[in-house]
Each structure stands twice: as C-alpha cells, then as structure tokens.
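Trainee: Quick one, fold the following:
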Amino acid sequence: MRRRGVLAAVVGGLLSILMLGAPALADAAADTGESIDPLILAVMAEVPGGVIVDAQHAVWPRLGMDLVVLEQRSAVSAASVGSCATGTVCVYTGSSLSGAKLSWSICGILSIPSSFSAKSIADARSAGYAQARNNSTVLATAPAGGWANIAGTATNVRCVF
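Mentor: Below is the predicted model:
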C-alpha cells in the first residue's frame, strides 16, 4: 500500500509539472513578443520531426539538420566558413553566404526542403567537398573550408569525405 501511495504522488507530481510547463515551452516565442518566422513554419510543415528552438531557429535532431533564419551567433570560429560552423555543411537563401541558413552536421545526400531556396553553399569541414545538386546534376561545388554560389534550383546537398 505504501508503495502505491508513493507512486501515485510521483505520477501526480510529474503530470502537474508537464501540464504547467508545456504551455510555457509552447509559448516561448510569444513570451518574447516574437512570431515564428514564416520560413521556419514552411520547413517545419514540409519536414517532419523538427523542433522550434526560438522564433528564428529550428532543429531536426534525427536528420542532423539546423535552420537559422537570422544569424544569432556573434563570434565565428577560425575554422568556420562565414557563419557556417566548423564541421558542418550549410546552404543559404542568399548569394555569398547571406540570408537564412540551413545546416547539417551529418554527411550523405541531404534533401533541401522545397520551401528553402538555396543560393549559396559552404563546406566548413576539414576535408572533402560539398555539392549543391538538382537531383543528380551538380550545380555548385564547395571545397572543404570554402563556399560557392549556386546557379539553378538545388534539391539536395551531397557531401563527400
């Protein structure tokens, strides 16, 4: 009997925390007065499994994918390429690494959501290269530690070691 009472108290406490804490997490952007960027919402609708971090930032943990609409980092590490963090591959909505950024911390053939119009690519890894492609057609190649503008509509990024 005593165990059942303790278990009921623990479960009740957890439910209270979840019920009180969940609205605070869901309204994080609203609390700051910011609305979630439309690009974040469009990519979230297109690619399942995303988590909104704040009004300009979302992540897809299972895909190793990160979307930042407005650059939030003030410091850039020595091995990064523009705002593309060391060890990642990034595409940007603007030429010359400008605009919103979509990045991956994993390698392979990585789909670019159709709601994200990639205009430049950066490879902030120490070896290999990254290609912006339309299906299997290469549109731009960024060497390790470099970047390139993309001519055409990129549907995926292929990163090679």
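
Trainee: need the helices for the chain, in chain order.
Mentor: Along the chain, the segments classed as helices by DSSP state H run 2-26, 28-31, 38-46.

Trainee: any idea which of these scores lowest on pLDDT?
Mentor: Within the helices of the chain, the least confident segment by mean pLDDT turns out to be helix 2-26, at a mean of 38.

Trainee: Quickly note the distance from the nearest residue to residue 109 once chain neighbours are set aside to residue 38.
Mentor: Leaving out its chain neighbours, the residue that sits closest to residue 109 by C-beta to C-beta, 6 or more residues apart in numbering is residue 158, at 5.1 Å. C-betas here are computed from N, CA, C, even on glycine. Residue 158 sits 28 Å away from residue 38, going by C-beta to C-beta, to the nearest Å.

Trainee: The two: which is more packed in?
Mentor: When neighbours are counted by other C-beta atoms under 10 Å, residue 158 comes out ahead of the other of residue 158 and residue 38, with 17 against 10.

Trainee: dump the residue contacts of that one.
Mentor: 108-110, 130-131, 133 (C-beta atoms under 8 Å, 6 or more residues apart in numbering).

Trainee: excluding its backbone neighbours, what's nearest the most centrally placed residue in the chain?
Mentor: Residue closest to the mean C-alpha point of the chain, counted by C-alpha atoms, centre = their mean, is residue 66 at 1.2 Å. Of all residues not flanking residue 66 in the chain, residue 103 sits nearest, at 4.7 Å (C-beta to C-beta, 6+ apart).

Trainee: So for the one you found, what's the pLDDT?
Mentor: For residue 103, the predicted pLDDT is 98.

Trainee: sorry, back to before: Throw the contacts of residue 158 into TSV and include neighbour count, thanks.
Mentor: Below are the contacts of residue 158 laid out as TSV (neighbours: other C-beta atoms under 10 Å):
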residue	neighbour count
108	11
109	11
110	19
130	30
131	23
133	21
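
Trainee: quick check, nearest of those residues to residue 84?
Mentor: Each of the contacts of residue 158 was scored against residue 84 by C-beta to C-beta, and residue 130 proved nearest at 9.9 Å.
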